[in-house]
Structures are given as C-alpha cells and as structure tokens.
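Enquirer: The following comprises the amino acid sequence and a computationally predicted model.
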Amino acid sequence: MALVGLHPQLVDIQADAVPGDAELHLVGLPELSVWPARARIRAAILNSGTPWPDARITVSVSPMIPPVYDAAADLALAVALLAAAGVIPPERIAGRVFLGELALDGRIRPIRGVLPMVAAAVRAGISRVVVPAECAREAAQVPGAVVMPVTRLADVVDQLRHGAFRDHHDQEPESAPSSSFAVDLADVPSNQAARRALEVCAADGHHLFLSGDGPATMLAERLPGILPPLTDEAVREVAEIYSLAGRSHRAPGCTPPLSAPHHTSTAAAIFGSVAGNRPGAVSLAHRGVLHLADAPEFARPVLDGLCRPLDSGQVHLAGQGRSVRYPARFTLVVDARPCPCLERRECACTPEARHRYRARLALLLSRVAVRAPVDWGDRGTRAGEPSAAVAARVLAARDRAAHRLADTPWRTNAEIPAQDLRTRFPVASEAAELLRSAVNAGLVTADGLPRLLRVAWTLADLRGVDRPQTDDAAGALELWKGADGDGAR
C-alpha cells in the first residue's frame with residue numbers, strides 16, 4: 001500500500017528470477033529510493049540467515065510508488081523476490097498485504113499510516129495483512145481485518161516456507177482513551193463572558209477570540225470537554241490522521257482532539273508537509289479544537305494561511321510534482337494580549353505599537369464571529385459551572401439544530417451558506433432589522449452579517465426557541481463586538 005496524503009493506493013509487486021549474475025533490479029520506485037531500498041533488502045535477507053539467491057532478480061512495482069517513499073514496501077519487496085527465487089512457495093503469499101520497513105539486521109520496523117492502509121486493503125477485498133508487531137493493535141481497529149504481527153524477516157520466511165504462517169485473530173483493538181477530560185470548567189475563576197462565549201462556540205463550531213491577560217489557555221483546554229463526543233465516522237477520520245502522523249498512541253478516541261502548536265512552529269508543522277507526507281497541527285485538530293496562544297507572535301504567513309482551511313475545511317499542499325489534501329475542519333480559539341510587552345506593570349508600549357501588534361490578526365479575525373475578554377482580576381471570586389452541565393446544554397442545542405437541518409446537507413448552523421440563511425432560515429423581522437441597522441451604522445460589513453445570523457441561531461437553540469428573536473440578534477452583536485467593543489469587521 002502507498003499513501004498520498006490520506007488516500008491509500010493498492011500497489012502490485014511482481015518479481016522475476018532468471019539465470020545470471022546475482023543482481024537485484026527495482027523498477028517503479030522513486031529514483032532516489034532505489035539504492036537505499038536495495039541495500040536495506042539485501043542486508044536484511046543476508047542477516048536473516050537466508051543466502052542471497054543466485055539469480056538475476058527484477059522486482060516491478062505498479063503503479064509507481066509516489067516520490068515520497070517511506071520504506072513501507074520493504075517487506076513486500078523482500079517477500080516477492082524470495083518467492084520468485086523459490087526460497088518460499090509463491091502460493092503462500094497470495095491474498096495478503098505485507099507492510100513494514102526492514103532494518104539491516106532483519107528486524108521489521110513500525111511504519112506510519114498503518115490504519116488507513118489496512119482499511120483500504122479490507123475495502124479492496126484483502127483482509128489478511130502482515131504488519132510490524134508494534135502496529136498490530138492499530139491495524140486491529142479496522143473491522144474485518146485479520147492481522148498477522150511480525151518482528152523479524154527470518155520468522156516470516158520460516159513460517160511461509162513451512163506453511164505455518166498463522167493468522168492472528170486474537171489481536172484486540174487498543175482501548176480508546178476515556179472521553180472525560182481531567183480538566184473542568186469549574187476550575188476557571190469567574191470570566192463569565194468568556195465562559196458564555198465558549199459555550200456558544202461549542203454549541204455550533206463557531207470560532208473564538210479571547211483578548212486580554214487572563215486564563216485563555218485554561219478555557220481553550222476545556223473546550224473539547226464540552227463538545228459533543230465524536231461520531232464513529234469522525235473517530236475513524238481522526239484516528240487515520242494520527243496514524244499517518246505517527247502518533248496513533250495519542251489518538252483521542254471519542255473526545256474531540258486539541259491541537260495547540262507553539263508560535264515558533266514552522267509553516268510545515270502547522271499545515272503539513274508534502275515531502276514527508278505528514279499532516280500538520282491544523283489536521284491534528286480535525287473535528288476538534290485548534291488553539292493559537294499569543295496568536296500575534298505566529299509568523300504572518302501562518303496567520304493568513306489559516307484562512308483557507310477555515311473556509312474549506314481542508315489543507316491543500318502542492319510540491320514535488322504532486323499535491324496532497326489533509327482534512328482540517330476544526331473550531332479555532334485565538335488569544336492575544338493587549339500588547340507585545342510582557343511587563344504588565346511597567347508597560348511602555350505606544351498606541352501605535354499596540355495597534356500594529358493586533359493588526360497582525362486582522363485577516364484571521366474576519367473569520368471569527370465570537371469574541372470575549374479574559375482577565376485575572378476576579379480570580380477566585382466565584383467558581384463557574386462544571387463542564388458536565390455546560391456540555392448537556394451544548395448537546396441539546398446541537399440536537400435542535402440537527403433536527404431542523406435533517407433534510408439538508410448541513411448539521412450545524414455554522415455550516416449553512418449565507419444564501420440559505422436569508423432564504424430558508426430567516427430570523428424574526430425585529431431581529432433582522434436590528435442586524436441590518438448594525439450594517440448600516442458600519443459596525444458590521446456585509447461579509448460579517450451571515451456570521452452574526454449563524455450565532456443568533458445558536459443562541460436561539462441554546463434558549464430552546466424556534467427561531468432567533470431580538471434578544472438573540474442583540475446577543476450575537478454583543479459577542480461580535482467582544483472584548484474591545486468594536487469587533488473586527
């Protein structure tokens with residue numbers, strides 16, 4: 001199996017042995033990968049105690065493996081050439097997929113992306129898969145897969161040669177992490193406006209901006225705990241992303257994931273890499289939360305580049321003659337201090353410096369519909385509701401939205417296109433007039449109006465009413481203005 005992004009491709013390997021010098025020719029691998037693969041395979045076979053076949057062997061890979069070759073086909077290449085040379089019976093490798101990288105001493109190393117590759121093999125009608133032992137639990141998560149874990153090439157050759165290659169049905173899927181978070185909203189002191197904004201965002205997937213010197217990180221860490229549990233389809237999507245990233249052991253299970261990259265992260269770490277076929281932080285946040293702490297400190301290309309996945313729900317990367325797409329549909333939480341100065345008591349930042357600092361977020365904040373202040377001033381004065389109580393209201397609001405949108409391709413208010421908001425889901429006339437007056441007064445642009453309408457629908461769902469009224473429109477406008485009272489237009 002070969003992966004391009006998260007899209008697996010079944011690869012057919014043919015091998016032929018003819019009398020001649022003991023040579024190995026690999027056809028269909030990327031040019032720069034031929035010599036390293038040949039060296040690994042030769043050393044692994046010899047160090048496994050198997051003599052090198054006295055024949056001229058040609059191994060052909062079809063279709064050609066993409067330019068990014070991560071050695072996942074090593075085991076399949078070795079088994080194919082040994083079968084062609086008569087070392088193992090060819091009929092005993094039929095109907096199996098072989099995955100694994102060969103070490104020089106014959107060990108079989110784990111690889112990335114086992115989960116999507118095994119799932120693709122099962123869909124193609126090949127249920128028996130041979131994988132490195134370290135990847136067996138991950139592969140066993142695929143329904144219908146018969147997983148055969150292996151540790152050394154010598155064991156594979158011996159079992160195939162003597163017909164004792166057993167199918168291991170007893171590989172149990174690794175238990176999913178608990179869906180309850182150790183952190184709780186009750187731990188966040190006061191900040192009622194920010195807590196309310198967090199609930200609104202959780203109820204419909206709106207993006208959030210937290211401004212000020214306060215517990216922004218504490219709030220962002222608790223957002224996944226009040227989001228609805230992931231569906232089976234979403235769990236599969238997230239698990240495949242983490243598998244490709246080589247972090248399957250950290251897959252979040254039914255709990256929406258949280259990805260919080262540092263502001264020093266490179267663009268490749270944020271968006272992913274074509275060269276390494278590896279998803280970035282935005283894809284690790286798929287179906288969950290992406291938190292940018294001290295957002296103005298991120299590189300400007302990173303901040304502006306986030307607008308595309310926010311609009312489309314995916315990352316599209318191109319390079320090395322090919323393109324890859326990674327899913328990236330997440331709830332964004334952005335926080336920023338009032339100025340770049342870390343010394344709050346002796347701040348000497350000029351108004352111009354503060355403006356330049358916040359202006360770095362202008363394009364990104366045009367996609368953010370909910371804003372709230374955070375501060376430490378009321379620390380310890382009053383504990384808030386626990387996450388369980390907030391999560392119950394969020395789930396009820398999501399259920400109302402899903403029921404209303406049952407005959408549409410959308411499941412949350414945040415997904416409804418602007419045209420359908422105006423025609424199929426109109427708000428009360430008084431609420432519409434209030435929002436139109438905000439546009440006429442210059443508080444909101446025409447592009448920002450649909451975002452306010454979506455938030456108004458969310459507020460209505462949280463209140464349990466049929467459609468947004470004046471109070472919901474006013475609440476949406478207040479959340480739009482946010483911390484500074486002049487929301488990004």
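Expert: Received the coordinates, thanks. All of these numbers come straight from a predicted model, not from anything done at the bench. Numbers count the residues shown, from 1 in each chain.

Enquirer: I'd assumed R112 was in contact with S243.
Expert: Yes: contact criterion C-beta atoms under 8 Å: S243 and R112 qualify, at 6.8 Å. (Glycine included, C-beta is placed from N, CA and C.)

Enquirer: Looking at those two, which is more packed in?
Expert: Counted by other C-beta atoms under 10 Å, S243 and R112 do not tie: S243 has more neighbours, with 27 against 22.

Enquirer: Might you report the residue contacts of that one?
Expert: 112-116, 138, 251 (C-beta atoms under 8 Å, 6 or more residues apart in numbering).

Enquirer: try A318
Expert: Applying C-beta under 8 Å, 6+ apart, the residues contacting A318 are V274.

Enquirer: That one: what secondary structure?
Expert: Assigned by DSSP: H, G, I helix; E, B strand; the rest coil, the conformation of A318 is strand.

Enquirer: For it, list each beta-bridge partner.
Expert: On the basis of DSSP bridges, A318 is bridged to S323.

Enquirer: how far away is it from E430?
Expert: 49 Å (C-beta to C-beta, to the nearest Å).

Enquirer: Low-confidence regions, the stretch 151-300 of the chain specifically.
Expert: Under the criterion pLDDT under 70, the flagged ranges of the stretch 151-300 of the chain are 164-182.

Enquirer: Give me the neighbour count for A348.
Expert: 8.

Enquirer: cool, and Q314?
Expert: Neighbours around Q314, by other C-beta under 10 Å: 16.

Enquirer: now L395
Expert: A count of neighbours around L395, defined by other C-beta under 10 Å, yields 16.

Enquirer: Surely it touches P228?
Expert: Yes: in this structure, L395 is within contact of P228 by C-beta under 8 Å, at 5.3 Å.

Enquirer: Would you mind listing the buried residues in stretch 41-50?
Expert: 41-42, 44-45, 47-48, 50 (16 or more other C-beta atoms under 10 Å).

Enquirer: Which secondary structure state is assigned to H25?
Expert: From three-state DSSP, the assignment for H25 is strand.

Enquirer: Tell me the pLDDT of it.
Expert: With respect to pLDDT, H25 has a value of 93.

Enquirer: measure it to V18 for me?
Expert: Distance, H25 to V18, by C-beta to C-beta: 11 Å.

Enquirer: For those two, indicate the residue with more neighbours.
Expert: Set H25 next to V18 and count neighbours by other C-beta under 10 Å: H25 wins out with 12 against 9.

Enquirer: on that earlier part again, identify the contacts common to H25 and V18.
Expert: 56, 58.

Enquirer: How many residues are close by C201?
Expert: Going by other C-beta under 10 Å, the residues that sit close to C201 add up to 28.

Enquirer: What helix or strand is it located in?
Expert: helix 192-204 (DSSP states H and E).

Enquirer: what's the answer for L364, then?
Expert: helix 362-365.

Enquirer: ditto for P450
Expert: Here P450, judged by DSSP H and E, is contained in helix 449-463.

Enquirer: any idea of the mean pLDDT for that helix?
Expert: Here the average pLDDT along helix 449-463 is 95.

Enquirer: Show me the shaky parts of the stretch 1-150 of the chain.
Expert: Low-confidence segments of the stretch 1-150 of the chain (pLDDT under 70): 67-70.

Enquirer: What are the boundaries of the helices in it?
Expert: Ranges of helices in the stretch 1-150 of the chain, per DSSP state H, counting those that start in this stretch, are 31-47, 74-84, 114-123, 136-139.

Enquirer: if we can go back for a sec, and the contacts of the helix holding L364?
Expert: For helix 362-365, the external contacting residues (C-beta under 8 Å, 6+ apart) are 209, 295, 303-304, 306-307, 310, 334, 488.

Enquirer: and these, which two are the farthest apart?
Expert: F209 and D304 (15.9 Å; C-beta to C-beta).

Enquirer: Neighbour count: the two, which is higher?
Expert: Set side by side, F209 and D304 show more neighbours around F209, with 27 against 15, by other C-beta under 10 Å.

Enquirer: In three-state terms, how would the more buried one be classified?
Expert: Assigned by three-state DSSP, the conformation of F209 is strand.

Enquirer: same thing with D155?
Expert: Per three-state DSSP, D155 ends up helix.

Enquirer: what sits against V302?
Expert: V302 is in contact with 265, 267, 270-271, counting by C-beta under 8 Å, 6+ apart.

Enquirer: These in helices, which ones?
Expert: 267, 270-271 (DSSP state H).

Enquirer: which of the residues you listed count as buried?
Expert: 270-271.

Enquirer: Which member of the ones in helices among the contacts of V302 is positioned nearest E101?
Expert: Nearest to E101 out of these is F271 (C-beta to C-beta; 26.1 Å).

Enquirer: Please name the nearest non-neighbouring residue to the closest one.
Expert: Using C-beta to C-beta, 6 or more residues apart in numbering and skipping residues adjacent in sequence, the residue nearest F271 is G280, 4.6 Å away.

Enquirer: What number of residues are in the vicinity of the one you found?
Expert: Residues contacting G280 under the criterion other C-beta under 10 Å number 24.

Enquirer: can I assume it is in contact with G272?
Expert: Yes: G280 lies in contact with G272 (C-beta under 8 Å); the separation is 3.8 Å.

Enquirer: Any regions of the stretch 351-489 of the chain where pLDDT drops low?
Expert: 377-383, 483-489.

Enquirer: And the strands in the stretch 351-489 of the chain?
Expert: 370-373 (DSSP state E, counting those that start in this stretch).

Enquirer: ranges for the helices of it?
Expert: Counting by DSSP H, counting those that start in this stretch, the stretch 351-489 of the chain has helices at residues 351-359, 362-365, 387-404, 418-423, 429-440, 449-463, 470-481.

Enquirer: Mean neighbour count, those helices: which tops it?
Expert: Mean neighbours per residue, mean count of other C-beta atoms under 10 Å, is largest over these for helix 449-463, with a mean of 25.

Enquirer: Return the distance of that helix from the chain's centre.
Expert: Relative to the centre of its chain, helix 449-463 is centred 27 Å away, using C-alpha atoms, centre = their mean, to the nearest Å.

Enquirer: same question, stretch 425-441
Expert: Counting by C-alpha atoms, centre = their mean, stretch 425-441 is centred 37 Å from the centre of its parent chain.

Enquirer: which residues sit against that stretch?
Expert: So stretch 425-441 is in contact with 404, 416, 444-446, 449, 452-453, 456-457, 467-470, 472-474, 476-477, going by C-beta under 8 Å, 6+ apart.

Enquirer: tell me the contacts of R42?
Expert: 24, 52.

Enquirer: mind running it again at 10 Å?
Expert: By C-beta atoms under 10 Å, 6 or more residues apart in numbering, R42 lies in contact with 22, 24, 52, 78, 81, 102, 104.

Enquirer: Which among the residues you listed count as buried?
Expert: Using 16+ other C-beta under 10 Å as the burial test, these include 24, 78, 81, 102 as buried.

Enquirer: Need those residues in CSV (columns: distance to L219).
Expert: CSV is the format used below for the buried ones among the contacts of R42 (distance: C-beta to C-beta, whole Å):
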residue, distance to L219
L24, 58
A78, 52
L81, 57
L102, 48
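
Enquirer: Nice, that's everything, thank you.
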